[in-house]
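Trainee: Below is the sequence, then the predicted model.
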Amino acid sequence: MRTARPLRFLGATALATLVMITFAPVAAGAGPAPEPSAPRTEVSVSSVDLDGPAVSTVKVTVKNTGPQRMRSLKVSFAGPVGWAVQPALTSVPGTFGVGATTAAEFRVQVPGKREGFTLRTFTATATYAGGDGAGSATATRTETNGAPLANLAAAYNNVGITDEGETGPGDYDGEGNSFSAQKLAAAGLEPSGRVEALGAELEWPGVAPGAKDNVAGAGQAIALSGRGGKLVFLGSGVTGGATGTATVYYTDGSSTSGSFGFPNWSFDPADAHGATLVASTDGRNRPDGYGNAGIAYRVFAHSVALDATKQVEFVVLPSNRNVHIFDMAIAS
Amino acid sequence: MPGIPAVSRRLLLGGALATGAVAVGAGPAQAKSAAQGSALPSPSPRRGKGQRPMFDVPFDIHETVRVGVIGIGNRGSGMGEGWAVVPGCRVTAVCDIRESRAKALADRIVALGKPRPAEYGGSTDAYTTMLKRDDIDLVYIATPWEFHHRQSRDALLAGKHVVVELPVATELDELWDLVDTSERTRRHLMLSENCSYGRNELAMLKMAHEGLFGDVTNGHGGYLHDLRDLLFSDTYYTDSWRRKWHTRSTASFYAMHGLAPVAAAMDINRGDRMTVLRATATEPKGLADYRERFIDRSHPSWKETYVNGDLVTCLIDTAKGRVIRAEHDVSSPRPYSRINSLAGSRGIFEDYAGTSSTGGRIYVEPDHSGHSWRDFDSYRKEFDHWLWRKIGDDAANNGGHGGMDYVLQWRTVQLMRAGLVPDIDVYDSAAWCSPVPLSVKSLAAGGRPVEIPDFTRGSWVNLRMGLDSRETDMPPVA
């Protein structure tokens, strides 16, 4: 799990700004490792005018808080994937004394605004010699616009459960197959039923068979409130590579992110990607009716760690549609 | 045909490729590039003393945009009427070698309830008289290709802004000359690249800027249009000028309709640039075969030999490592396509391939998975350009080519009336048209790579606004 420390938070309103700074490991030959309590190089990214389409200017500020003079400073900057930035990397001439601040300007091509919730992340990395001796420091600034979806059900985009008497609506795996509602019930998974897994209390989707009942991951932002040590996901994977990163944003503007994955609903080892088996059903519903009896189709749980000291505000799901999620909940 | 300028040796099949002369003029940077990439160098003259770039130069505000039209064949005729119906625009003069055409267009403009424009014609130089008028702000040129450079240059020198049909010029030195003349005269020259204002093309551009395709790595475009019946028509292209180009040159004459939208989506000249071109050509079979089957033996075309390949393909590298494939084929039996494809690390768009109402199909992660195409419709709706949302209905009623012509004309008039920076400038125009001479050069050298000049003279690195513009209103008409 990657952690980040907030520098500033402007509020979780319609437009929120989250700024974080992280530190890279000491570069070989860059000097002695700083003491744990030693001041660190501060990198910050200015606000980004996202009223596009436009070419906006962004200022990256670097403050030498280390005990040595900073030299050979280079600053790189990147926006969301596919966004043009000019330049991508710039050298800052000169050297900078203890406590000195310098800045580099970048221009970024901002697209037109999109409706709904958007989350834009900008990353600046400074590499240098001297200073705090760490060799590099990175800051990210995340700007959000709009409100996350109210809950996971609002993001349901897939039909994963059907009645054995009407399998047509199902398409859990992209090939028209789905879980059998009858077989799930036999395994203890009934609509709105409680599911305990990895210390979390989850709920099986309270919808009728044949309705959208799960989320295929596409980077959706889901509102979630609570505090705890981990965030537990209930679901399974389709095809291969059902893994991804979930990013949890807290009310103080900081975030943590963690990777997790689910085994394929049928053929992977049950502990693939470190997942935990929750339920196993016999066979599946196919477009032409129930079939594949004798083959297990399964539901798993997995989790990512949270910062237990902070209040969760929303979660960004993995951008991988092979990851199917029926529910998520915070556990201690 | 009287008055048609001689086609230069560089455009002639088998004509001397001026590698020696170009190499002499090549600077150290070009020599280095050629050595590294085995690309034939292309000259890049220095900017003249006192000459300033035309980047981000807004038009002076024109309360009414007064247009002079040169060339009233099929294209000029339709566009001439198109200019007349744009709010705040008035066609003040029209010109064609054939005076009757000037009169006919003037009559139609009057029939639209607009003031009668002055008429010029009767000679190849009649347009120069028209250019002396002081009630023309913008000259629109729709003559045969061989006239474009000279007429554009003369119009710029007469203090007019210019919109010129494809290509703006057919020679590299002519393209440079238009860049320099625009910079010297402080007048804008814009390629009349209507397809860059196509609804799908603009949505594709906006999606690229949004990052939906991830980091864009490649794009394909072109002009694949079976023109055989028109090329052999005795009335469509005056004096069969377009067919005659196929007798004297091997070139990608007209790939800009597909190239330009892809280039725009890659921010060519606005953060990236085209650096190297390689061309291939198939055998010239289509026109001769068509003539054999459909054209009477008494037709003058039987004295012609067609030399341009049916399918001329240009592979273009960019400074950021992207690749563009630009195709040109007007002599083969096939349905129409401009290809319009853009792809990157997270997805792909293809036009002319889907079954949806937009004609496009798409596959982008994380929205899609499972290796199957999706309809473009919902994306076109979400990323619809403001121009189409604002004037799409007018475009459908007034403009040719699905409304693209009207959008181009409306936007050009709006830019001039509001005093805005053009979406397409002389640098875009030159770059997009450079595959015409460069394909000749590459094909003559067996498909060797050739350098694409940097018409911006180094300013391509700067991000600039272009076709993905901010919504503005047309100033009210008094």
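Mentor: Noted; the coordinates are in hand.

Trainee: how about the residue in chain A that chain B sits nearest to, secondary structure?
Mentor: Relative to chain B, the nearest point of chain A is A:Gly82 (2.8 Å; Cβ to the nearest Cβ). Yep, even glycine has a C-beta here, placed from its N, CA and C like the rest. Here A:Gly82 is recorded as coil under DSSP: H, G, I helix; E, B strand; the rest coil.

Trainee: which regions of chain B sit below the pLDDT cut-off?
Mentor: B:1-37 (pLDDT under 70).

Trainee: switch to 90 and redo it
Mentor: Within chain B, the stretches with pLDDT under 90 are B:1-38, B:43, B:354-356, B:369-371, B:393-402, B:478.

Trainee: Could I get the contacting residues of B:Gly309?
Mentor: By Cβ atoms under 8 Å, 6 or more residues apart in numbering or on different chains, the contact list for B:Gly309 reads B:Thr250, B:Thr280, B:Ala281, B:Thr282, B:Glu283, B:Pro284, B:Leu443.

Trainee: go again using 7 Å as the cut-off
Mentor: By Cβ atoms under 7 Å, 6 or more residues apart in numbering or on different chains, the residues touching B:Gly309 are B:Thr250, B:Ala281, B:Thr282, B:Glu283, B:Pro284.

Trainee: Surely the first one and B:Asn308 touch.
Mentor: Yes: B:Thr250 sits in contact with B:Asn308 when judged by Cβ atoms under 7 Å, with a separation of 5.1 Å.

Trainee: pretty sure B:Tyr352 contacts B:Gly359?
Mentor: Yes: using Cβ under 7 Å, B:Tyr352 makes contact with B:Gly359 at a distance of 6.0 Å.

Trainee: Could you write out the alpha-carbon coordinates of the helix or strand harbouring B:Val179 in PDB?
Mentor: For B:Val179, the host element (DSSP states H and E) is helix B:172-185. The C-alpha coordinates for helix B:172-185 follow below in PDB (Å, rounded to 0.1, in the frame of the first residue of the first chain):
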ATOM      1  CA  LEU B 172       7.700  22.400 -50.800                       C
ATOM      2  CA  ASP B 173       9.100  25.800 -51.600                       C
ATOM      3  CA  GLU B 174       5.600  27.000 -52.300                       C
ATOM      4  CA  LEU B 175       4.500  25.900 -48.900                       C
ATOM      5  CA  TRP B 176       7.400  27.700 -47.300                       C
ATOM      6  CA  ASP B 177       6.500  30.800 -49.400                       C
ATOM      7  CA  LEU B 178       3.000  30.800 -48.100                       C
ATOM      8  CA  VAL B 179       4.200  30.600 -44.500                       C
ATOM      9  CA  ASP B 180       6.600  33.400 -45.100                       C
ATOM     10  CA  THR B 181       4.100  35.500 -47.000                       C
ATOM     11  CA  SER B 182       1.500  35.100 -44.200                       C
ATOM     12  CA  GLU B 183       4.100  36.100 -41.600                       C
ATOM     13  CA  ARG B 184       5.200  39.100 -43.700                       C
ATOM     14  CA  THR B 185       1.800  40.400 -44.500                       C
END
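
Trainee: Now for A:Thr57, how many residues are close by?
Mentor: 13 (other Cβ atoms under 10 Å in any protein chain shown).

Trainee: Just want to check the distance between it and A:Ser47.
Mentor: 11 Å (Cβ to Cβ, to the nearest Å).

Trainee: Can you measure across stretch A:226-243, start residue to end residue?
Mentor: End-to-end distance of stretch A:226-243 (Cα to Cα, to the nearest Å): 24 Å.

Trainee: Now do that stretch: distance to the chain's middle.
Mentor: 11 Å (Cα atoms, centre = their mean, to the nearest Å).

Trainee: which parts of that stretch are buried?
Mentor: By neighbour count on 16 or more other Cβ atoms under 10 Å in any protein chain shown, the buried set for stretch A:226-243 is A:Gly228, A:Lys230, A:Leu231, A:Val232, A:Phe233, A:Leu234, A:Gly235, A:Ser236, A:Gly237, A:Val238, A:Ala242, A:Thr243.

Trainee: Specify the beta-bridge partners of the last one.
Mentor: Okay, so that is A:Thr243. Note on A:Thr243: beta-bridge partners by DSSP bridges are A:Gly261.

Trainee: Wait, A:Thr281 touches A:Ile295, no?
Mentor: No: using Cβ under 7 Å, A:Thr281 makes no contact with A:Ile295, being 9.6 Å away.

Trainee: Name the residues of the stretch 301-450 of chain B found near chain A, please.
Mentor: Residues of the stretch 301-450 of chain B lying close to chain A (Cβ under 7 Å from any Cβ of the partner chain) are B:Gly344, B:Arg346, B:Glu365, B:Pro366, B:Asp367, B:Ser369, B:Gly370.

Trainee: Helices along chain A, start to end?
Mentor: Secondary structure of chain A by DSSP state H: the helices cover A:181-186.

Trainee: any weak-confidence spans in it?
Mentor: Using pLDDT under 90, chain A drops low at A:1-40, A:240-241, A:253.

Trainee: so what are the domain limits for it?
Mentor: Domain ranges of chain A: A:2-145, A:152-331, per automatic domain parsing.

Trainee: among the ones you listed, which is nearest B:Ala255?
Mentor: domain A:2-145 (24.3 Å; Cβ to Cβ).

Trainee: Give me the nearest residue to whatever residue of the stretch 1-150 of chain B ends up closest to chain A, chain neighbours excluded.
Mentor: The minimum distance from the stretch 1-150 of chain B to chain A, using Cβ to the nearest Cβ, falls at B:Asp56 (10.2 Å). Among residues not flanking B:Asp56 along the chain, B:Val421 sits closest, at 5.4 Å (Cβ to Cβ, 6 or more residues apart in numbering or on different chains).

Trainee: neighbours of A:Glu201, just the number please.
Mentor: 13.

Trainee: wait, isn't it in contact with A:Ile330?
Mentor: No: applying Cβ under 7 Å as the test, A:Glu201 and A:Ile330 come out as separate, 9.6 Å apart.
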